[in-house]
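Visitor: coords please:
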Amino acid sequence: MAHRVSFGLTPIQTGVDFDHIREVVIRAEELGFDSVWLNDHFFTSRFFHPLPPPTAPFYESWVTLSALATLTGRVRIGTLCSNVSFRNPALLAKMSACLDVISGGRLELGLGAGWFEEEHTAYGFSFPNMVQRAQQLTEAVSIIKRMWNEETVTFDGKWFRTENAYCSPKPVQSPRPPITIGARGSRTMLKVAAQCADRWNIQTPISPAQYQRKLGFLERHCEEAGRDPGEIGRSLWAGTVIGRDADEFARAAEALKLPHTVYLDARIAGTPEECIRRIQAFVDLGVTEFIHYFTHDELRSVELFATRVIPAFR
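Guide: Sure, this is the predicted structure:
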């Protein structure tokens with residue numbers, strides 16, 4: 001039996017005020033989106049386009065999610081991805097458990113090992129190499145899972161330790177909230193996803209052919225770990241540009257002042273019909289969750305996508 005395809009939204013968090021974020025999220029829930037996810041960053045990277053400069057306001061993910069939890073009643077809410085370098089995992093377990101309770105059991109915990117070295121340096125966090133960051137992520141997942149389920153947790157790892165740590169209240173969800181691991185690195189981070197994740201997320205830019213190669217690595221890591229890859233859900237975070245027709249899409253692409261025309265080639269972009277075809281190519285590879293970041297005319301794009309694209313997969 002085919003799995004239901006779900007659609008989520010990452011609202012723009014930088015260069016806007018909270019009123020805008022609230023409006024987009026509430027409207028997304030009204031229109032039938034399944035989830036809302038926030039990026040866990042403190043300022044923007046100069047490597048991404050189109051984004052405001054690092055001096056622009058950037059709404060911190062956990063504070064903002066707490067507010068959104070009280071403003072929504074159906075959509076699931078999560079981080080994509082919460083950087084384990086930024087918060088002690090025992091504290092993160094406590095924070096996430098409280099948010100699951102506040103939201104009535106709607107938490108999705110997305111975790112990652114971090115990549116933006118400039119951000120770590122600016123805030124005084126260490127930035128070890130990729131292998132070490134993968135070790136940190138693995139230890140963090142272990143601590144969080146235990147904190148959610150055990151009365152007290154003592155853990156003595158290479159990177160983190162706890163001693164008789166309590167986590168009360170416990171999450172509402174049973175047996176626990178799902179954990180998504182964001183991973184792109186084939187040899188290191190995908191191995192962590194194979195070992196620890198309920199769901200694996202990867203971001204665009206990526207083509208279906210590139211995704212299929214990454215999936216092959218994930219499956220091999222699952223085999224090494226003695227795990228059925230079918231146990232791991234597949235999720236795609238997608239930069240998305242949509243227009244009602246070819247002319248409107250061309251105007252949207254022009255307004256973005258893209259650095260190169262290939263910018264949109266490995267993203268979800270085009271008319272509603274073209275977006276449906278691009279999404280279907282990933283559905284054919286087993287992706288059942290799409291999380292969209294609308295980079296142009298956000299509220300209009302959210303409404304157009306909900307009315308012209310999502311119904312094709314319902």
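Visitor: Any idea what the closest residue to residue 151 other than its chain neighbours is bridged to?
Guide: Leaving aside its chain neighbours, residue 151 sits nearest to residue 166 (7.2 Å; criterion: C-beta to C-beta, 6 or more residues apart in numbering). Backbone N, C-alpha and C define where each C-beta goes, glycine included. Beta-bridge partners recorded for residue 166 (DSSP bridges): residue 152.
Visitor: Look at residue 178 and say how many residues are nearby.
Guide: Counted with other C-beta atoms under 10 Å, the neighbours of residue 178 add up to 15.
Visitor: Skip the chain neighbours and tell me the closest residue to it.
Guide: Distances taken as C-beta to C-beta, 6+ apart place residue 198 nearest to residue 178, at 4.3 Å, with adjacent residues excluded.
Visitor: any idea how far residue 302 is from residue 29?
Guide: According to C-beta to C-beta, to the nearest Å, residue 29 and residue 302 sit 11 Å apart.
Visitor: tell me, what's touching those two both at once?
Guide: Common neighbours of residue 29 and residue 302, using C-beta atoms under 8 Å, 6 or more residues apart in numbering, do not exist here.
Visitor: Between the two, which has more neighbouring residues?
Guide: Per other C-beta under 10 Å, whichever of residue 29 and residue 302 has more neighbours is residue 302, with 23 against 19.
Visitor: which ones are touching the more buried one?
Guide: Going by C-beta under 8 Å, 6+ apart, residue 302 touches 9, 24, 27-28, 31, 33, 294.
Visitor: how about a cut-off of 10 Å?
Guide: For residue 302, the contacting residues are 9, 11, 23-25, 27-28, 31, 33, 240, 242, 292, 294, by C-beta atoms under 10 Å, 6 or more residues apart in numbering.
Visitor: Then residue 141?
Guide: With contacts defined as C-beta under 10 Å, 6+ apart, residue 141 is in contact with 84, 89, 109, 111, 179, 181, 192, 195-197.
Visitor: Check which helix or strand it maps to.
Guide: Assigned by DSSP states H and E, residue 141 belongs to helix 130-149.
Visitor: Isn't the residue nearest to residue 151 up against residue 146?
Guide: No - the pair residue 166 / residue 146 is not scored as a contact, 11.8 Å apart, by C-beta atoms under 10 Å.
Visitor: Now for those two: what residues contact both?
Guide: Joint contacts of residue 166 and residue 146 (C-beta under 10 Å, 6+ apart) are 90, 152-153.
Visitor: Now tabulate those residues in a markdown table and tack on distance to residue 170, neighbour count and pLDDT.
Guide: Formatted as a markdown table, those follow (distance: C-beta to C-beta, whole Å; neighbours: other C-beta atoms under 10 Å; pLDDT from 0 to 100):
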| residue | distance to residue 170 | neighbour count | pLDDT |
| --- | --- | --- | --- |
| 90 | 14 | 22 | 98 |
| 152 | 12 | 12 | 98 |
| 153 | 12 | 21 | 98 |
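Visitor: Give me the residue at the spatial middle of the protein.
Guide: Closest residue to the average C-alpha location of the chain: residue 80 at 2.6 Å, with C-alpha atoms, centre = their mean.
Visitor: Help me confirm that it comes into contact with residue 11.
Guide: No - the criterion here is C-beta under 10 Å, and residue 80 misses it with residue 11 at 11.6 Å.
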